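1. For reference, the sequence and a predicted model appear below.
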Amino acid sequence: MKKQTLLFIQALLNSYSIVFFSQHNVLAVLLLVTSFFNPIAGAAGLFAVCGSLVLLKLSGYRHDTTQSGLYSFNSILIGLGFGSFFHFNMAFCVWLVMATALTVMLTVILTTTLAKRGLPALSLPFVVVFWLILLAANGYGQMGLVPKESYMLNELSVKESVHPYQLFGTLNAVPLPYYIRLFFRAVSAILFQDSAFAGLVISIGVLIHSRISLSLLVLGFISACLFNSFTHIYPDGLGHYHLGVNFMMTGMALSGFFIVPSLRSYLLAIAFIPLAYLLTGAFTSLLDDWNLPILSLPFCLIVIGVLYFLKLRQHPRALQLTAYQNYSPEANLYQYLNGQERLNHLRYLNLSLPFMGGWSVSQGYDGGITHNAEWAQALDFVIKDEDHRTCKVPGEKPEDFYCYNKPILACADGLVETVVSHVEDNRIGEINTRENWGNTIVIKHADGLYSKVSHLKPNTAKVKPGDLVKRGDILALCGNSGRSPEPHLHFQMQATPYVGSKTISYPFAYFKENVGHAEQFNSFNVPALDSTVHNIATSSALKQAFAFQPGYVARVTAGSNTETWEVFTDTLNQTYLFHHESGDIAYFVSNDTAFYFTAFYGGRSSLLYKFQLAAYKVIFSAESGVKAKDVFPVNITGSKPTVWLYDLVSPFYHFIGRIYQSYTRPLSNGLLVTSFGYKTGFSKNKQFMRADVLVTNNQISEFTIDVNGKQTEAKWEV
């Protein structure tokens, strides 16, 4: 019973906060309290949303479906509209119940229908239902609804008035500059109020929720006022309801919520101000014959129309749509930037180095010998000894070179496209330009993506065209055929299957690289000239410990808190850990070389949240020098007032970060993964997280984590 009550309260709060595209509880409470500045409207809104949640529950909708408030926030607007437009009487109560039920039905229908095209219903259900109520009330007196003498009935009202039912009305008399007062009145009008004080309270809530959202409200306000001052469309000034709902909210929703915030999204918010004027004027004239206000119709049409237009693009570049909604512009932005920087598995096929052991790069991209023009993005590999020689004395025949006769491997799974294996090896110092590439194997890994290895030893090909190969399969032996004065391996990626195709730049997924005496781990990078590179020697114990397959269930306990995590796969075949008690979700990738989290959705109090901090990226290797490096989203530990300034400039400029590092070392009873988190920026580098994950008997047994001085110790049971 207690759990159901808490879920109901959270759904209620989400219903309020989502009016401003948020799920922030502080903003929700401020909106709820502010709605009661007009007591009748506030009570009607609260009654309507509670009735909606009860109706959805009784109708068989699960709490996880209704929890976000998407199905119930329109009912709040209906209640607020009733309280603002009509006097309270018995008919008020009857028709409010009917309107609430109709709004819930229409919201579910429109939300589900538009979601098939990835579009939101916004406040369209409220607009349609409230029109029906107004038409009926205007046409049939027996409905019993008594209209108020309300400023809201005049959509373009610019005259401020204090109503007897408006609480804190005296605070509206506080002297403020005209445009500041107009801004707060416009914000309050979103809740059907005309109160600078109410707008101030709401603005504080928006500031706590999102600095980007507040900046877009201010940008929309300034742009709309400036446009009107130049065009004089409304000589007496734009009505604060339209200003708040159809101008300011449009920019906030479109440019900060549905689109990842950026300089272009801010410019978009300005660019659509004229369209908002056009639709506001057009629909006001069109609906005037029925004595209907346009309400938030322009806002809905602009946002839905622009989103649909952007979704139809074949090659999205600028104005990236939010892929997964975090209900925070900052979280959407930081997750998008984080994904662009680290989720290379979404952009690249995971390529392994095509050989065993350590090989050196004798010619890299844009090399000065043969890697130029259309063939510039290629790599030549050789094997060197401790004295950096490629052969043993006397070095007069191919067999004297260390790489000769060594196996060459498939860099990834694929289909063998071409095999050339008849070209004889050259004498040392001679080249064969007539058969330039020598013995060659081309493998198709995906449409438009092929790998090519050349200068192989004749008649050593282990595959033929049409064969399927797996990563690490032996293809042939290294030779000295074609344009090759001494044995080496030529490797390149290309977009077409032909021998001699132009090269494309493409990284290897994971490898160790020695440059001089320094050894480092690289991920999704191209080896540097003269560096020695190795594939990662993986630990089967680590790989098995982090092999979370669908159906895997773990019980994790810290003190009196026990959480149940289960692995699921979504419709896009992405795997995630699901926290049964809270509903938190942590997406992850586990491949042959590494485990890493890709996204986390939920609160910051759960053990699952702490575990994804601790094991953000783990390389399946206990070799010394193999240290995983990654980047957290900037808001990984929450949005503190100290980074609020950065939130304001983050759509345009990035200067702080959150760095993650981890390494694994063997213990007498298993393996220990140790990780660190650092805050960077303002010329500082400060540790905020340290964690240890213990692996025993090929599975995780416990983990400890210290975040900003708060330590958690958790036991793991499968």
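-> Cool, the structure landed.
2. ok, and for stretch 423-441, which residues are buried?
-> By neighbour count with 16 or more other C-beta atoms under 10 Å, stretch 423-441 contains the buried residues 423-426, 428, 431-432, 435-441. Where you see a C-beta, it was placed from the backbone N, CA and C, and this is true even at glycine.
3. Out of those, which sit inside helices?
-> Using DSSP state H, no member of these falls in helices.
4. Next up, the contacts around the closest residue to Leu295 other than its chain neighbours.
-> Leaving aside its chain neighbours, Leu295 sits nearest to Val127 (4.9 Å; criterion: C-beta to C-beta, 6 or more residues apart in numbering). Contacts here follow C-beta atoms under 8 Å, 6 or more residues apart in numbering; on that basis Val127 touches 295-297, 300.
5. didn't Val695 look like it was pressed against Leu672?
-> Yes - between Val695 and Leu672 there is a contact under C-beta atoms under 8 Å: 7.4 Å.
6. for the buried residues of stretch 423-441, which one is nearest Trp131?
-> Checking those against Trp131 with C-beta to C-beta, the nearest one is Ile441 at 69.0 Å.
7. Let me know whether the closest one touches Leu475 as I believe.
-> Yes - using C-beta under 8 Å, Ile441 and Leu475 qualify as a contacting pair, with a distance of 5.1 Å.
8. Now list whatever residues contact both of the two.
-> 408, 453, 456, 461, 463.
9. where does the second one land in three-state SS?
-> By that I understand Val453. strand (DSSP: H, G, I helix; E, B strand; the rest coil).
10. Pull up the gap between it and Tyr402, please.
-> 18 Å (C-beta to C-beta, to the nearest Å).
11. Can you mark which positions in stretch 704-715 are buried?
-> Result for stretch 704-715 [16+ other C-beta under 10 Å]: buried residues 704-707, 712, 714.
12. re earlier: name the residue in Val453 and Tyr402 with the higher neighbour count.
-> Counted by other C-beta atoms under 10 Å, Val453 and Tyr402 do not tie: Val453 has more neighbours, with 25 against 19.
13. need the contact list for the more buried one.
-> Counting by C-beta under 8 Å, 6+ apart, Val453 has contacts 354, 408, 440-441, 475-476, 489-491.
14. Redo these as a markdown table? Include secondary structure, pLDDT and distance to Leu312.
-> Formatted as a markdown table, the contacts of Val453 follow (DSSP: H, G, I helix; E, B strand; the rest coil; pLDDT from 0 to 100; distance: C-beta to C-beta, whole Å):
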| residue | secondary structure | pLDDT | distance to Leu312 |
| --- | --- | --- | --- |
| Pro354 | coil | 97 | 41 |
| Ile408 | strand | 97 | 45 |
| Thr440 | strand | 97 | 42 |
| Ile441 | strand | 97 | 41 |
| Leu475 | strand | 97 | 43 |
| Ala476 | strand | 97 | 47 |
| Leu489 | strand | 97 | 45 |
| His490 | strand | 97 | 43 |
| Phe491 | strand | 97 | 40 |
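15. which regions of the stretch 351-500 of the chain lie under the pLDDT threshold?
-> Scanning the stretch 351-500 of the chain with the threshold set as pLDDT under 70 gives no residue ranges.
16. please redo it, this time with the cut-off set to 80
-> Low-confidence segments of the stretch 351-500 of the chain (pLDDT under 80): 368.
17. Let me see the ranges of the strands in it.
-> 359-363, 378-382, 407-409, 414-420, 439-446, 449-456, 468-469, 474-477, 489-494 (DSSP state E, counting those that start in this stretch).
18. Quick one: find the helix or strand in the protein with the lowest mean pLDDT.
-> Every helix and strand in the chain was compared by mean pLDDT, DSSP states H and E; the lowest is helix 63-66, with a mean of 79.
19. what comes up buried for that one?
-> 63, 66.
20. and that helix, what does it pack onto?
-> helix 2-17, helix 39-58 (3 or more C-beta pairs under 8 Å, 6 or more residues apart in numbering; DSSP states H and E).
21. Show the secondary-structure elements that the longest helix along the chain is packed against.
-> Longest helix of the chain, by residue count under DSSP H: helix 90-115. Helices and strands touching helix 90-115, by 3+ C-beta pairs under 8 Å, 6+ apart, are helix 39-58, helix 73-85, helix 124-139.
22. Show me which of the ones you listed has the highest average neighbour count.
-> helix 73-85 (a mean of 27; mean count of other C-beta atoms under 10 Å).
23. next one: it to chain centre, how far?
-> 33 Å (C-alpha atoms, centre = their mean, to the nearest Å).
24. got a list of what the residue nearest to Tyr402 when sequence neighbours are not counted touches?
-> Spatial nearest neighbour of Tyr402, excluding adjacent residues (C-beta to C-beta, 6+ apart): Ile383 at 3.8 Å. The contact partners of Ile383, taken as C-beta under 8 Å, 6+ apart, are 357-360, 390, 401-403, 406.
25. Can you say which of those residues are buried?
-> 358-360, 390, 401-403, 406.
26. Save those residues as JSON lines, and put in distance to Ser188 too.
-> Compiled in JSON lines, the buried ones among the contacts of Ile383 are given as follows (distance: C-beta to C-beta, whole Å):
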{"residue": "Gly358", "distance to Ser188": "68"}
{"residue": "Trp359", "distance to Ser188": "69"}
{"residue": "Ser360", "distance to Ser188": "69"}
{"residue": "Thr390", "distance to Ser188": "77"}
{"residue": "Phe401", "distance to Ser188": "80"}
{"residue": "Tyr402", "distance to Ser188": "78"}
{"residue": "Cys403", "distance to Ser188": "75"}
{"residue": "Lys406", "distance to Ser188": "75"}
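27. which two in these are spaced the farthest apart?
-> Gly358 and Phe401 (15.1 Å).
28. The nearest residue to Arg555 once chain neighbours are set aside: neighbouring residues, count only.
-> For Arg555, ignoring the flanking residues on the chain, the nearest one in space by C-beta to C-beta, 6+ apart is Glu717 at 4.7 Å. Glu717 has 13 neighbours, counted by other C-beta under 10 Å.
29. Glu717 against Thr562, yeah?
-> No - checked against C-beta under 8 Å, the pair Glu717 and Thr562 is beyond contact range at 9.3 Å.
30. residues shared between the contacts of these two?
-> Joint contacts of Glu717 and Thr562 (C-beta under 8 Å, 6+ apart) are 555-556.
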